[in-house]
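In: Coordinates for the following, if possible.
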Amino acid sequence: MLKVSSIDYLLIDGEQLREVLEQSIAGCEKKIVFISAYITQTAVDWLEKHISPEVHVHLVCKLQPSDIINGATQISALSTAMQRGWKVSCLHSLHAKIYSIDDNEIYVGSANLTSNGLKIYGSGNLEACSSVPANEENLRFISNIEKSSNELNNEILQKMEDCIIKKEPSIHLNQWPVGTLPHDEGIWVHDLFWYNPSSRTPNGNEKLHDHHLIGIESFDIKESEVSNKLLMSRCVQWLISKLEGQNNQELYFGKLTKLLHEDLKDDPSPYRKDVKSLVQNLLAYCQVFLQGEIEISQPNYSQKIKLVCKGILNG
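Out: Numbering: from 1, shown residues only. Take a look at the predicted model:
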């Protein structure tokens, strides 16, 4: 068995990470923060066996509708965690897997807080993980994720479960219907489009990112289907909310870029030129697929973006 003090700068698999975590959790005195895109019942039960009841626990997961539908995260696991007095939150743009114990030890890697990720039962996945210094910058990074996440309660979990069971028409693979969560978790670079659909230079990874974001496998479907899914995406809803906040429901490119730069939650914040590219991609999607909802013109050498179909956010 690996000892905690022996894994600095080493890559370890999920099973070895579980063993190291069990040692660390046993000596935990104040708090643990486990950030994992996916969380399952088996992992919550495993954690409960190794942790003292006095320790404060905060679990943060991604919790998109597709995660529940596919079984990657189990609502029962989150409900069980809350019954044990643990804080549970979600952040839809989350992909990180971070395990922090008493602000003294931090482990990162590919392993989710699941049976397969930590090899709690069975052969599990082949993961790669390691420790990182518990310095001020890394602890701030973890704190920012915690602050940006939405804390869950039984009422919210019930709403989510009802949406899945009833197959709500307003549900989107990557986003819950408006009103499910108590507040908007903000906008992140991951929520924005990385590909320009009007570009003649294909980029496989960026295109795949956008397909996942929209909830499609490719653009080889009806244009109306793409349009409907685009309207449900977080970045398009962000754009519409900004336009609706203007007296004349219009913004110029420069002001829109400034607003996005201010609203992005990523730390460190991306450079202004990168934010401009993200805005350009977003507007390119609007020009191709959302001409009936958002009008884009170019008077006086600057793009003007105008909402021409009001009330979109409310369906």
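
In: Let's verify the nearest residue to Tyr99 once chain neighbours are set aside: helix, strand, or coil?
Out: Leaving aside its chain neighbours, Tyr99 sits nearest to Tyr107 (4.4 Å; criterion: Cβ to Cβ, 6 or more residues apart in numbering). From N, CA and C alone the C-beta is placed, and that goes for glycine too. Following DSSP: H, G, I helix; E, B strand; the rest coil, Tyr107 is assigned to strand.

In: Against which helices or strands is the longest helix belonging to the chain packed?
Out: What stands out as the longest helix in the chain, according to DSSP state H, is helix 272-289. For helix 272-289, the elements it packs on are helix 223-232, helix 234-244, helix 253-263, strand 294-297, judged by 3 or more Cβ pairs under 8 Å, 6 or more residues apart in numbering; DSSP states H and E.

In: Those: which one's closest to Asn150?
Out: Distance to Asn150, taken as Cβ to Cβ, is lowest for helix 234-244 among the helices and strands packed on helix 272-289, at 13.2 Å.

In: Give me the contacts around the closest one.
Out: 92, 174-175, 187, 191-193, 213, 230-231, 249-251, 256, 259-260, 263, 282, 285-286, 290, 293-294, 305-307, 310, 312-313 (Cβ atoms under 8 Å, 6 or more residues apart in numbering).

In: ok and it relative to helix 253-263, angle-wise?
Out: 120 degrees (axes from the mean of the first three to the mean of the last three Cα atoms, to 10 degrees).

In: Could I get the contacting residues of the closest residue to Lys119 other than its chain neighbours?
Out: Nearest non-adjacent residue to Lys119, counting by Cβ to Cβ, 6+ apart: Glu15, 3.9 Å away. Residues near Glu15 by Cβ under 8 Å, 6+ apart: Leu118, Lys119, Gly124.

In: Among the contacts of helix 234-244, name the buried ones.
Out: Those of the contacts of helix 234-244 that meet the buried threshold are 92, 174-175, 187, 191-193, 213, 230-231, 249-251, 256, 259-260, 282, 285-286, 290, 293-294, 305, 307, 312, by 16 or more other Cβ atoms under 10 Å.

In: re earlier: show me how far the longest helix of the chain is from its chain's centre.
Out: 20 Å (Cα atoms, centre = their mean, to the nearest Å).

In: And the contacts of it?
Out: 189, 192-199, 223, 226-227, 230, 235-236, 239, 253, 256-257, 260-261, 264, 270, 293-294, 296, 303, 305.

In: Report the buried residues of that helix.
Out: Under 16+ other Cβ under 10 Å, the buried positions of helix 272-289 are 275-279, 281-289.

In: Report the angle between it and helix 223-232.
Out: Counting by the same axes, to 10 degrees, helix 272-289 lies at 140 degrees to helix 223-232.

In: mean confidence score for helix 272-289?
Out: Averaging the model's pLDDT scores along helix 272-289 yields 94.

In: cool, stretch 86-96 as well?
Out: The model assigns stretch 86-96 a mean pLDDT of 90.

In: got the contact list for that stretch?
Out: So stretch 86-96 is contacted by 35, 37, 56-64, 78, 81-82, 108, 145-146, 148-152, 174-175, 181, 185, 188, 190-191, 234 (Cβ under 8 Å, 6+ apart).

In: For the stretch 201-315 of the chain, give me the ranges with low pLDDT.
Out: The model of the stretch 201-315 of the chain has pLDDT under 70 over residues 201-203, 219, 310-315.

In: Give the helix, strand or coil label for the residue nearest to Lys119.
Out: helix.

In: quick one on the thing from earlier: with distance to Gly71, pLDDT and secondary structure as new columns, can the contacts of Glu15 be given to me in JSON lines?
Out: Shown next, in JSON lines, are these (distance: Cβ to Cβ, whole Å; pLDDT from 0 to 100; DSSP: H, G, I helix; E, B strand; the rest coil):
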{"residue": "Leu118", "distance to Gly71": "17", "pLDDT": "96", "secondary structure": "helix"}
{"residue": "Lys119", "distance to Gly71": "18", "pLDDT": "95", "secondary structure": "coil"}
{"residue": "Gly124", "distance to Gly71": "16", "pLDDT": "88", "secondary structure": "coil"}
